[in-house]
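Asks: build me a structure from this.
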Amino acid sequence: MRTLSASMSPKSIRFSIDKEHFRRIEVEPGVTIYHLYPTLNAWVGREAPDDVNPRSHEDQALSGPLPKEIEQTIRDNAEDFYLANRGETILAESVSFQPEKQVVEIILTDYSGDAARHGVADGGTTDGVIARVQKEVADGYGIEYRKLSADQIPTYLGKARVHLEVIVGLEDRERIGRLVQGRNKSKMVKSWTIEDFKGSFDWIKEILEAANSQFKGKIGYEENAAAPVNILEVLAILTLFHPMYDSKGKAPTVAYSSKGRIDKRFTDENAAPGYRMLAPILREILELHDYVYANFQDKYKEAFPGGKLGRRGKTEDRLFPKATKPLPLTGIMPERQVPSGVLYPLLASLRALVRFPKVGEKSEAAWRIAPRDFFDKYGEELMENLFSQLEVFQSDPQKMGKAKTAYTALHNQALLLVADAERGVNGD
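Replies: Residues are numbered from 1 along each chain as shown. The predicted model follows:
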């Protein structure tokens, strides 16, 4: 996960290149583009940061078919690498060339954090694969790649050339955003990755990535991020608690049916304020998700004494198989896996526990009743309703997760239970 920008020292990247493989074009006043074609015994992968790139290119993201094809081209068809590969686009502060020494120096000054303006804007996968191939060679000698002698570097790395397009003078973040969105289309960059680039998730990061947050480092905000949960899952859970679904006839089925596009709803000008209202209870909502998940079987047993949750569904396709790994957000180990199509209507019913500010009020959302205590006391009744709904949909979690009636039935019941609980607290 990338962090917010901070002051940093300029970064210098130097490598050898002859004048025949160096070209300079001033395309508009103040913006100059350099086209460089260094060999891979000169250009070292991963020396240029890629925070300006919307995608993450950590090692875990380099295992798919595309990285394998790039590596195979380097090794087997090195002389055609610059033809087969689009290369890299780098945004920089300056580029200088010393023809007598045949050395290029690229200077980066703003290359770290979500607001970075310099670095590898496109071609991060290519750069990561180059670095991996070079590291394998260097590891064989037990030294860094730049310290290898000429006779230690394989011939194919001396033959392979990578096209570097270095742009100097492009500093406007809006124009940079258009560049990275337009260039990252060999595989279409995900819209939520672009939203992260724009800073749309910054307020969520401040909460979930705080030093005292148990969720720190567990959420991936950009495509290919090496984190167990991506931001779309978080947004889907928040959507279940969005105040717009308190309106009559509405239900947050989009959290299940349109999870891949939920970032569009998150950034919609009409929906965005409702998500921001949830900021004070954001962490507790995520904790509640895992609490309900982990206690699902216990509440089932209370609702259906003697019932076997594990036997629900067809023999060859059980709905609630044994869990094999802990929940990624909290590390809690549940007894059974619970499909989202079943869990989401149940969790969404607990929106009844949230007190939202009235129109004109500046306050934010708060719990009417402690959510865990409420689920401990009333989870059994909700579970009876939940499985009644599941039977209506012929034990099909996918149908249930998309059905407005399942959400509204459970939410209406939760509202009544909350009213009963509040009357009990107030002694009425």
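Asks: which ones are touching A303?
Replies: 380-381, 383-384, 387 (Cβ atoms under 8 Å, 6 or more residues apart in numbering). No exception for glycine: its C-beta is placed from N, CA and C like everyone else's.
Asks: hmm, try it at 10 Å
Replies: 379-387 (Cβ atoms under 10 Å, 6 or more residues apart in numbering).
Asks: please enumerate the strands of the stretch 151-300 of the chain.
Replies: For the stretch 151-300 of the chain, the strands defined by DSSP state E, counting those that start in this stretch occupy 164-168, 219-220, 229-230.
Asks: what's around N385, how many residues?
Replies: Other residues near N385 come to 19 when the count uses other Cβ atoms under 10 Å.
Asks: element containing it?
Replies: helix 371-392 (DSSP states H and E).
Asks: quick one: average pLDDT of that helix?
Replies: For helix 371-392, the mean pLDDT works out to 96.
Asks: list the buried residues of it.
Replies: Going by neighbour count (16 or more other Cβ atoms under 10 Å), the buried part of helix 371-392 is 371, 374-375, 378-387, 389-390.
Asks: then stretch 355-368?
Replies: Using 16+ other Cβ under 10 Å as the test for burial, stretch 355-368 gives 356, 365, 367-368.
Asks: can I get the helix holding N385 in CSV, CA atoms only?
Replies: Presented in CSV, the C-alpha positions along helix 371-392 are these (Å, rounded to 0.1, in the frame of the first residue of the first chain):
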residue,chain,number,x,y,z
PRO,A,371,-23.9,-4.1,18.0
ARG,A,372,-22.2,-7.2,19.4
ASP,A,373,-24.5,-7.2,22.5
PHE,A,374,-27.5,-6.8,20.2
PHE,A,375,-26.4,-9.7,18.0
ASP,A,376,-25.7,-11.9,21.0
LYS,A,377,-29.2,-11.3,22.3
TYR,A,378,-31.3,-11.2,19.2
GLY,A,379,-29.1,-13.1,16.6
GLU,A,380,-31.2,-16.3,17.2
GLU,A,381,-34.4,-14.5,16.1
LEU,A,382,-32.7,-13.0,13.1
MET,A,383,-31.3,-16.4,12.1
GLU,A,384,-34.8,-17.9,12.1
ASN,A,385,-35.9,-15.2,9.7
LEU,A,386,-32.8,-15.6,7.6
PHE,A,387,-33.2,-19.3,6.9
SER,A,388,-36.9,-18.8,6.3
GLN,A,389,-35.9,-16.4,3.5
LEU,A,390,-33.2,-18.8,2.3
GLU,A,391,-35.9,-21.5,1.8
VAL,A,392,-38.0,-19.1,-0.2
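Asks: just how off-centre is that helix within its chain?
Replies: With Cα atoms, centre = their mean, to the nearest Å as the basis, helix 371-392 stands 31 Å off its chain's centre.
Asks: can you name every helix or strand that that helix contacts?
Replies: With contacts taken as 3 or more Cβ pairs under 10 Å, 6 or more residues apart in numbering; DSSP states H and E, helix 371-392 sits against helix 282-294, helix 296-303, helix 340-349, helix 397-401, helix 404-426.
Asks: what does the shortest one contact?
Replies: If I follow you right, that is helix 397-401. Applying Cβ under 10 Å, 6+ apart, the external contacts of helix 397-401 come out as 253, 255-257, 259, 313, 319-320, 338-345, 386, 389-394, 406-407.
Asks: mind doing that once more with 8 Å?
Replies: For helix 397-401, contacts defined as Cβ under 8 Å, 6+ apart pick out 253, 256-257, 319, 339-342, 344-345, 389-390, 393, 406.
Asks: could I get the average pLDDT for that helix?
Replies: Mean pLDDT, computed over helix 397-401, is 93.
Asks: any buried residues in it, and which?
Replies: By 16+ other Cβ under 10 Å, the buried positions in helix 397-401 come out as 397, 400-401.
Asks: same thing with stretch 154-165?
Replies: In terms of neighbour count (16+ other Cβ under 10 Å), stretch 154-165 has its buried residues at 154, 156-157, 159-165.
Asks: start and end of it, how far apart?
Replies: Terminal residues of stretch 154-165 lie 25 Å apart, using Cα to Cα, to the nearest Å.
Asks: that older thread, quick one, which of the helices and strands packed on helix 371-392 is nearest to V52?
Replies: Smallest distance to V52 across those (Cβ to Cβ): 27.8 Å, for helix 282-294.
Asks: got the contact list for that closest one?
Replies: Applying Cβ under 8 Å, 6+ apart, the contact partners of helix 282-294 are 204, 207-208, 213-215, 234, 237-238, 241, 278, 327, 329-330, 332-334, 338, 343, 346-347, 350, 367, 371-372, 375, 379.
Asks: try it again at 6 Å.
Replies: The contact list for helix 282-294 (Cβ atoms under 6 Å, 6 or more residues apart in numbering) reads 207, 237, 241, 327, 329-330, 332, 334, 338, 347, 371-372.
Asks: what of stretch 125-136?
Replies: For stretch 125-136, the surrounding residues in contact (Cβ under 6 Å, 6+ apart) are 45-46, 57, 62, 67, 70-71, 74, 85, 88, 120, 145.
Asks: which among the contacts of helix 397-401 gets closest to N41?
Replies: Nearest to N41 among these: S340, at 50.0 Å, using Cβ to Cβ.
Asks: tell me the contacts of the closest one?
Replies: Contacts for S340 (Cβ under 6 Å, 6+ apart) come out as Y256.
Asks: can you tell me how far it is from V133?
Replies: If you measure S340 against V133 using Cβ to Cβ, to the nearest Å, the figure is 40 Å.
Asks: kindly report the same for P280.
Replies: 49 Å.
Asks: which of those two has more neighbours?
Replies: The neighbour comparison of P280 against V133 (other Cβ under 10 Å) goes to V133, with 21 against 13.
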